[in-house]
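# Take this sequence and fold it.
(2 chains)
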Amino acid sequence: MTFLIGDLERDAITELLNIAIGQAAAGLSQLVEDEVRLSVPFVDFLTPDQAARRLDIETKGGDAVAVRQHFNGPFAGDILLLFPERRSLDLVRHMLGDEVPLSQLTELEQEALQEVGNIILNGCLGSLANQLNMRVESSLPTYLRGPGARILAGGSVAGGRDATPDSQGLAMFLHVDFALLNKDIDGYLAFIMDIASAERFVDAVRAYLDGRI
Amino acid sequence: MAAKTVLVVDDSRVARMMTRHLIEQNRPGWIIVEAETGEQAVERFQEVLPDFTLMDVNMPGIDGLEASRRIRAIERAAVITLLTANIQDPIRHHAEEIGIGFINKPLRVEALLAFLVEEAP
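Presented below is the predicted three-dimensional model:
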């Protein structure tokens, strides 16, 4: 089945995501005391191979660390926050500042990144749900490490539908690149929904538009 | 200002560390007690009867809203605020229904200090 969205829906999704990531970025900016630069959000329909290649590009072929949460509601899927592995400890250092001795930083890295993910992903998801006037439940954040493609294949956490694109079809990716202006740290955030969920999401976006234009 | 006791509830050790640090910086000498789950929060509350409770929402086991309800059943005058990354409107509405505060993460010092002067209802 081919599932397409029109220019208007695509534009609305971009704007909704723009607002959502903007609110989440404000949280990140406060945490690390730096300006967060955001790309224009993209809406793509990708096959599993294309998605894996996209994440490998994001991680420049190297390993990445990621925080992933499953969400469930009128539409379901996964939301993913990803950083190149080589910069993740820097991010944690900027976040915790002088509060933690260097020797403890590595030990705390995973928990610190999970908390970054918790703030960013829930901020983004919450804003999106608020704009669409919906309630969305989210799982606790899961920490993942490895090549981009393996992180993508990590699957959703227990209790939810798997939003990873299967071998049969496409998945909808709503994604944004971001960078910390003065710290040479960049990252990537993506919503991933299978086509059935994507259709329900686009229906919600159409309902949102109906009331506003 | 007389030393008070603050209960910090969060499943994330890092989140608890950041909140503790901010309280210690701004209210030196205050006693800070931590809990990692909603169930533990209810137990710790009964043990120490804190003056203030900062409560995460999404945690393993019972969530922060349910833990707040249970604490309120123990002590109607408990001063509680949610401290959460979950900024959805229904969460704020549930907080209002229970009669507790809502602070979004990351915690800002202004929001913390405004909460730490609240009187019991």
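# Confidence-wise, which helix or strand of chain A is lowest on average?
Taking mean pLDDT, DSSP states H and E as the measure, the helix or strand of chain A with the lowest value is helix A:148-152, at a mean of 79.
# Return it as PDB; C-alpha atoms alone will do.
Listed next in PDB are the C-alpha coordinates belonging to helix A:148-152 (Å, rounded to 0.1, in the frame of the first residue of the first chain):
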ATOM      1  CA  GLY A 148      23.600   3.600  14.000                       C
ATOM      2  CA  ALA A 149      22.000   0.700  12.100                       C
ATOM      3  CA  ARG A 150      22.200  -1.600  15.200                       C
ATOM      4  CA  ILE A 151      20.600   1.100  17.300                       C
ATOM      5  CA  LEU A 152      17.700   1.300  14.800                       C
END
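# Who does the residue nearest the centre of chain B form a beta bridge with?
Among the residues of chain B, B:Leu54 comes closest to the average C-alpha position under CA atoms, centre = their mean, at 1.2 Å. Beta-bridge partners recorded for B:Leu54 (DSSP bridges): B:Val8, B:Thr81.
# Now do the contacts for it.
If you count contacts by CB atoms under 8 Å, 6 or more residues apart in numbering or on different chains, B:Leu54 has them with B:Val6, B:Leu7, B:Val8, B:Val9, B:Asp10, B:Thr19, B:Thr81, B:Leu83, B:Ile103, B:Phe115. Using the backbone N, CA and C atoms, a C-beta is placed for each residue, glycine as well.
# so which helix or strand takes in the spatially closest residue to the fourth one that is not a sequence neighbour?
Just to be clear, that refers to B:Val9. In space, and not counting its chain neighbours, B:Val9 is closest to B:Ala41: 4.2 Å by CB to CB, 6 or more residues apart in numbering or on different chains. Taking DSSP states H and E as the criterion, B:Ala41 maps to helix B:38-48.
# on contacts alone, who are the packing partners of that helix?
Applying 3 or more CB pairs under 8 Å, 6 or more residues apart in numbering or on different chains; DSSP states H and E, we find helix B:38-48 packed against strand B:5-9, strand B:31-35, strand B:52-55, helix B:64-74.
# Swap in 7 Å and give it another go.
strand B:5-9, strand B:31-35, helix B:64-74 (3 or more CB pairs under 7 Å, 6 or more residues apart in numbering or on different chains; DSSP states H and E).
# quick one on the thing from earlier: spit out the contact partners of the residue nearest to B:Val9.
Shown in contact with B:Ala41 (CB atoms under 7 Å, 6 or more residues apart in numbering or on different chains): B:Leu7, B:Val9, B:Ala35, B:Met55, B:Ala67.
# which parts of chain B sit against chain A?
B:12-15, B:17, B:21, B:58, B:60, B:85-90, B:105-106 (CB under 7 Å from any CB of the partner chain).
# again, 8 Å this time
Listed as neighbours of chain A in chain B under the rule CB under 8 Å from any CB of the partner chain: B:11-15, B:17-18, B:21, B:58-60, B:84-91, B:104-106, B:108.
# Now the buried members of the residues you listed.
B:11-15, B:17-18, B:21, B:58-59, B:84-88, B:91, B:104-106 (16 or more other CB atoms under 10 Å in any protein chain shown).
# sorry, back to before: got the CA coordinates for the helix holding B:Ala41 in CSV?
Extracted C-alpha coordinates of helix B:38-48, given in CSV (Å, rounded to 0.1, in the frame of the first residue of the first chain):
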residue,chain,number,x,y,z
GLY,B,38,7.0,5.9,44.1
GLU,B,39,6.6,3.1,46.6
GLN,B,40,9.9,4.1,48.3
ALA,B,41,8.7,7.7,48.3
VAL,B,42,5.6,6.8,50.3
GLU,B,43,7.8,4.9,52.8
ARG,B,44,10.3,7.6,53.2
PHE,B,45,7.6,10.2,53.6
GLN,B,46,6.1,8.3,56.5
GLU,B,47,9.6,7.9,58.1
VAL,B,48,10.8,11.5,57.9
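# Just give me how far that helix sits from the chain centre.
Averaged C-alpha coordinates place helix B:38-48 at 11 Å from its chain's average position (CA atoms, centre = their mean, to the nearest Å).
# same question for it, mean pLDDT?
Summarised as a single mean, pLDDT over helix B:38-48 is 98.
# Kindly report the same for stretch B:19-26.
So the average pLDDT for stretch B:19-26 ends up being 92.
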